[in-house]
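Enquirer: Coordinates for the following, if possible.
(chains A, B, C and D)
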Protein chains: 2
Amino acid sequence: MIQSEQQGFRALADPTRRGILHLLAEQDLTIAEVADNFQMTRAAVKKHLTILQEGDLITTRTDGRSRVNALNPDGLKRVHDWFSFFDAFWDDRLAALKTEIEKDKT
Amino acid sequence: MIQSEQQGFRALADPTRRGILHLLAEQDLTIAEVADNFQMTRAAVKKHLTILQEGDLITTRTDGRSRVNALNPDGLKRVHDWFSFFDAFWDDRLAALKTEIEKDKT
DNA sequence: TATAAGTGAAACCAAATGGTATTACATGAG
DNA sequence: CTCATGTAATACCATTTGGTTTCACTTATA
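Expert: Numbering: from 1, shown residues only, chains lettered A, B, ... in the order given. Below you'll find the predicted structure:
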């Protein structure tokens, strides 16, 4: 779905959720393990994990009575790629800046 | 300030603001000109522009009685660079995946 | 100096967000 | 089966967010 770009950005807007992504970059974790790293209830952490899932930034698998959360590189990459839109702009600006400098020199 | 990473992500969380960034990638625009592209009041657009400024994603200069908004590549790049944290992860995962495939083969 | 055009800012409102507490549902161990 | 553990889901609350309306301020121009 194309609209999950919105969900992805929304998920990244919260510092707790970005922190969770950093944790999951080191290793997969259950909800309880993630919650140990934050001073808030498991329920609150669960909400964050749900939002991260909706943004396709993490995946969840069932392991016995636990749910293990893991980073989803594809989803992260999709949001990351949004910025490529500005690649040309960055190049253009650098070129323009260079031209300005050249002009000032003469 | 280090906390403007948060302001940057917050600014990107709204589709209207991402749309404004796309507009400004084409050319610098006044508030009124930006507002022409959206079905909302100038005041609402102004709020979005303020949030984009707080995230260092745009800059504003005064031109007579107009305020001209322009993209700020530096700010955008700073948010963009946040993802580089996961670069190693992506590589590792790809390597692990490769290993798995090799194992299955044998 | 009027006056219109453009922006800034405040007050206000509905909806979304981030959090808690509580309760119910599944699962592994004794 | 029983019970402890882990997760899911709901109701509820305070704050933030995205929007409007309104009014004041600044500046170019007749």
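
Enquirer: does the closest residue to residue A:71 other than its chain neighbours count as helix, strand or coil?
Expert: Closest residue to residue A:71 apart from its sequence neighbours, by Cβ to Cβ, 6 or more residues apart in numbering or on different chains: residue A:24 at 4.5 Å. (Each C-beta comes from the backbone N, C-alpha and C, glycine too.) Assigned by DSSP: H, G, I helix; E, B strand; the rest coil, the conformation of residue A:24 is helix.

Enquirer: Count the neighbours of residue A:24 for me.
Expert: Using other Cβ atoms under 10 Å in any protein chain shown as the criterion, residue A:24 is surrounded by 23 other residues.

Enquirer: Residue A:73 is in contact with that one, correct?
Expert: No: Residue A:24 lies out of contact with residue A:73 (Cβ atoms under 8 Å); the separation is 10.8 Å.

Enquirer: Unless I misread the structure, residue A:76 falls within a helix.
Expert: Yes: counting by three-state DSSP, residue A:76 is part of a helix.

Enquirer: so who does the residue nearest to residue A:71 touch?
Expert: A:34, A:58, A:69, A:70, A:71 (Cβ atoms under 8 Å, 6 or more residues apart in numbering or on different chains).

Enquirer: Please indicate which of the residues you listed are buried?
Expert: A:34, A:58, A:69, A:71 (16 or more other Cβ atoms under 10 Å in any protein chain shown).

Enquirer: Which of those residues fall within helices?
Expert: residue A:34 (DSSP state H).
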